[in-house]
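Peer 1: Would you be able to build a 3D model of this:
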Amino acid sequence: MKRALLLVLLLAACREDDAEMPDPVAFNEETIAHFCQMNIAEHGGPKGQIHLEGYPDPLFFAQVRDMVAYLKAPERDARITATYVSDMGAAKAWSEPGAMNWIDATDAVFVVGAPVRGGMGAPEIVPFAKVEDAEAFIARYGGGAMPLDEVPPEAAFAPVDLDMQLEEPS
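Peer 2: Residues are numbered from 1 along each chain as shown. Got it, this is the predicted structure:
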(Lines give C-alpha, C1' and ligand atoms only; values in the text may rest on other atoms or scores of the structure.)
Protein backbone atom coordinates (compact mmCIF):
# COMPACT_ATOMS: atom_id res chain seq x y z
CA MET A 1 0.00 0.00 0.00
CA LYS A 2 2.80 2.42 0.89
CA ARG A 3 4.52 1.67 -2.41
CA ALA A 4 1.33 2.35 -4.36
CA LEU A 5 0.90 5.69 -2.58
CA LEU A 6 4.52 6.61 -3.27
CA LEU A 7 4.07 5.74 -6.95
CA VAL A 8 0.93 7.92 -7.18
CA LEU A 9 2.78 10.84 -5.58
CA LEU A 10 5.73 10.46 -7.95
CA LEU A 11 3.45 10.35 -10.99
CA ALA A 12 1.60 13.43 -9.78
CA ALA A 13 4.91 15.26 -9.35
CA CYS A 14 5.92 14.34 -12.91
CA ARG A 15 2.61 15.65 -14.28
CA GLU A 16 3.05 18.85 -12.27
CA ASP A 17 6.52 19.37 -13.80
CA ASP A 18 5.14 18.78 -17.29
CA ALA A 19 2.33 21.27 -16.67
CA GLU A 20 4.87 23.93 -15.65
CA MET A 21 6.71 23.80 -18.98
CA PRO A 22 5.53 26.79 -21.01
CA ASP A 23 5.06 26.65 -24.75
CA PRO A 24 7.57 28.35 -27.06
CA VAL A 25 6.84 31.92 -28.11
CA ALA A 26 7.17 33.24 -31.67
CA PHE A 27 9.58 36.09 -32.20
CA ASN A 28 8.78 39.13 -34.34
CA GLU A 29 10.30 42.38 -35.60
CA GLU A 30 10.25 43.80 -32.06
CA THR A 31 11.84 40.87 -30.19
CA ILE A 32 15.07 41.90 -28.48
CA ALA A 33 17.97 39.56 -27.65
CA HIS A 34 18.84 39.21 -23.97
CA PHE A 35 22.60 39.85 -24.14
CA CYS A 36 23.08 42.24 -27.05
CA GLN A 37 19.71 44.04 -26.83
CA MET A 38 19.41 43.92 -30.62
CA ASN A 39 16.40 42.87 -32.68
CA ILE A 40 16.80 39.12 -33.34
CA ALA A 41 14.69 39.17 -36.51
CA GLU A 42 17.40 41.28 -38.16
CA HIS A 43 20.03 38.55 -37.75
CA GLY A 44 20.20 35.18 -39.52
CA GLY A 45 20.92 31.79 -38.03
CA PRO A 46 19.29 29.79 -35.25
CA LYS A 47 17.74 31.42 -32.21
CA GLY A 48 17.13 30.37 -28.63
CA GLN A 49 14.65 31.16 -25.91
CA ILE A 50 14.74 30.39 -22.21
CA HIS A 51 11.69 30.55 -19.94
CA LEU A 52 12.31 31.44 -16.31
CA GLU A 53 10.04 30.72 -13.37
CA GLY A 54 8.12 33.81 -12.35
CA TYR A 55 8.83 35.73 -15.58
CA PRO A 56 5.97 36.25 -18.06
CA ASP A 57 8.17 36.42 -21.18
CA PRO A 58 11.11 34.27 -22.26
CA LEU A 59 14.66 35.50 -22.69
CA PHE A 60 15.46 35.46 -26.41
CA PHE A 61 18.92 34.93 -27.89
CA ALA A 62 19.98 36.06 -31.38
CA GLN A 63 22.48 33.21 -31.49
CA VAL A 64 22.31 29.73 -29.93
CA ARG A 65 25.93 30.17 -28.78
CA ASP A 66 24.71 33.02 -26.52
CA MET A 67 21.90 30.85 -25.14
CA VAL A 68 24.35 28.05 -24.33
CA ALA A 69 26.60 30.60 -22.58
CA TYR A 70 23.63 31.65 -20.43
CA LEU A 71 22.86 28.00 -19.59
CA LYS A 72 26.46 27.22 -18.65
CA ALA A 73 27.02 30.42 -16.64
CA PRO A 74 27.06 29.98 -12.87
CA GLU A 75 24.52 32.72 -12.17
CA ARG A 76 20.97 32.94 -13.45
CA ASP A 77 17.99 35.16 -12.82
CA ALA A 78 15.60 32.31 -11.83
CA ARG A 79 14.89 28.61 -12.25
CA ILE A 80 14.68 27.58 -15.92
CA THR A 81 11.33 26.04 -16.83
CA ALA A 82 11.90 25.52 -20.57
CA THR A 83 14.58 25.99 -23.22
CA TYR A 84 13.81 26.06 -26.93
CA VAL A 85 15.96 26.41 -30.05
CA SER A 86 15.26 26.85 -33.75
CA ASP A 87 15.11 23.59 -35.70
CA MET A 88 17.40 24.49 -38.57
CA GLY A 89 16.27 21.38 -40.43
CA ALA A 90 12.84 23.04 -40.70
CA ALA A 91 14.18 26.54 -41.48
CA LYS A 92 13.46 28.04 -44.91
CA ALA A 93 17.03 29.35 -45.04
CA TRP A 94 19.84 30.43 -42.70
CA SER A 95 18.57 33.99 -43.06
CA GLU A 96 15.03 32.80 -42.20
CA PRO A 97 15.28 30.39 -39.25
CA GLY A 98 11.53 30.55 -38.61
CA ALA A 99 9.59 32.29 -35.88
CA MET A 100 7.76 29.14 -34.70
CA ASN A 101 9.83 26.05 -35.57
CA TRP A 102 11.01 25.74 -31.96
CA ILE A 103 12.11 22.44 -30.48
CA ASP A 104 12.92 21.52 -26.90
CA ALA A 105 16.67 22.07 -26.55
CA THR A 106 17.01 18.92 -24.44
CA ASP A 107 15.74 16.86 -27.41
CA ALA A 108 17.81 18.63 -30.09
CA VAL A 109 21.01 17.50 -31.80
CA PHE A 110 23.60 20.29 -31.85
CA VAL A 111 26.36 20.67 -34.44
CA VAL A 112 29.44 22.14 -32.78
CA GLY A 113 32.67 23.16 -34.48
CA ALA A 114 31.37 23.93 -37.98
CA PRO A 115 32.88 27.15 -39.38
CA VAL A 116 29.51 28.89 -39.68
CA ARG A 117 28.56 32.39 -38.55
CA GLY A 118 25.63 32.90 -36.22
CA GLY A 119 23.35 35.90 -35.95
CA MET A 120 25.89 38.01 -34.07
CA GLY A 121 28.88 37.03 -36.22
CA ALA A 122 30.47 34.48 -33.87
CA PRO A 123 30.86 30.75 -34.63
CA GLU A 124 27.46 29.14 -34.14
CA ILE A 125 26.15 26.04 -32.37
CA VAL A 126 23.50 24.74 -34.77
CA PRO A 127 20.41 22.82 -33.50
CA PHE A 128 18.39 20.21 -35.36
CA ALA A 129 15.37 18.08 -34.44
CA LYS A 130 16.54 15.15 -36.59
CA VAL A 131 19.92 13.42 -36.51
CA GLU A 132 19.83 13.03 -40.30
CA ASP A 133 19.52 16.82 -40.76
CA ALA A 134 22.49 17.35 -38.44
CA GLU A 135 24.51 14.73 -40.36
CA ALA A 136 23.72 16.41 -43.70
CA PHE A 137 24.84 19.75 -42.26
CA ILE A 138 28.07 18.16 -40.96
CA ALA A 139 28.75 16.59 -44.37
CA ARG A 140 28.56 20.04 -45.95
CA TYR A 141 30.14 22.29 -43.30
CA GLY A 142 31.97 20.04 -40.82
CA GLY A 143 31.70 19.89 -37.04
CA GLY A 144 30.36 17.21 -34.74
CA ALA A 145 26.92 16.30 -33.40
CA MET A 146 26.03 16.08 -29.70
CA PRO A 147 23.20 16.65 -27.22
CA LEU A 148 22.96 19.93 -25.31
CA ASP A 149 24.50 18.58 -22.11
CA GLU A 150 27.65 17.54 -24.02
CA VAL A 151 28.26 20.91 -25.72
CA PRO A 152 31.62 21.99 -24.27
CA PRO A 153 31.74 25.35 -22.46
CA GLU A 154 34.45 26.61 -24.82
CA ALA A 155 31.96 26.34 -27.72
CA ALA A 156 30.06 29.20 -26.07
CA PHE A 157 32.73 31.04 -24.10
CA ALA A 158 35.83 30.87 -26.31
CA PRO A 159 37.00 34.21 -27.71
CA VAL A 160 36.03 34.86 -31.30
CA ASP A 161 38.96 34.73 -33.72
CA LEU A 162 38.30 37.70 -35.97
CA ASP A 163 40.54 36.21 -38.67
CA MET A 164 38.57 32.94 -38.76
CA GLN A 165 36.77 32.40 -42.04
CA LEU A 166 33.14 31.72 -41.24
CA GLU A 167 30.41 30.87 -43.72
CA GLU A 168 26.81 31.88 -43.70
CA PRO A 169 25.08 28.66 -44.77
CA SER A 170 22.65 28.82 -47.63
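Peer 1: Now D104. Its backbone dihedrals?
Peer 2: Per-residue torsions, D104: phi -60, psi 120 (degrees, to the nearest 10).
Peer 1: Likewise for D133?
Peer 2: Main-chain dihedrals, D133, degrees, to the nearest 10: phi -70, psi -40.
Peer 1: just checking, it touches A91?
Peer 2: No: in this structure, D133 is not within contact of A91 by Cβ atoms under 8 Å, at 9.8 Å. Where you see a C-beta, it was placed from the backbone N, CA and C, and this is true even at glycine.
Peer 1: The spatially most central residue of the chain sits in which helix or strand?
Peer 2: Most central in the chain under Cα atoms, centre = their mean is V85, positioned 3.4 Å from the mean C-alpha point. In this assignment (DSSP states H and E), V85 forms part of strand 80-86.
Peer 1: Now do the SS call for F137.
Peer 2: Here F137 is recorded as helix under DSSP: H, G, I helix; E, B strand; the rest coil.
Peer 1: ok, so what distance separates it from D66?
Peer 2: Here the criterion is Cβ to Cβ, to the nearest Å. By it, F137 lies 20 Å from D66.
Peer 1: quick one: which of the two has more around it?
Peer 2: Shown here are F137 and D66; by other Cβ atoms under 10 Å, D66 has more neighbours (25 against 21).
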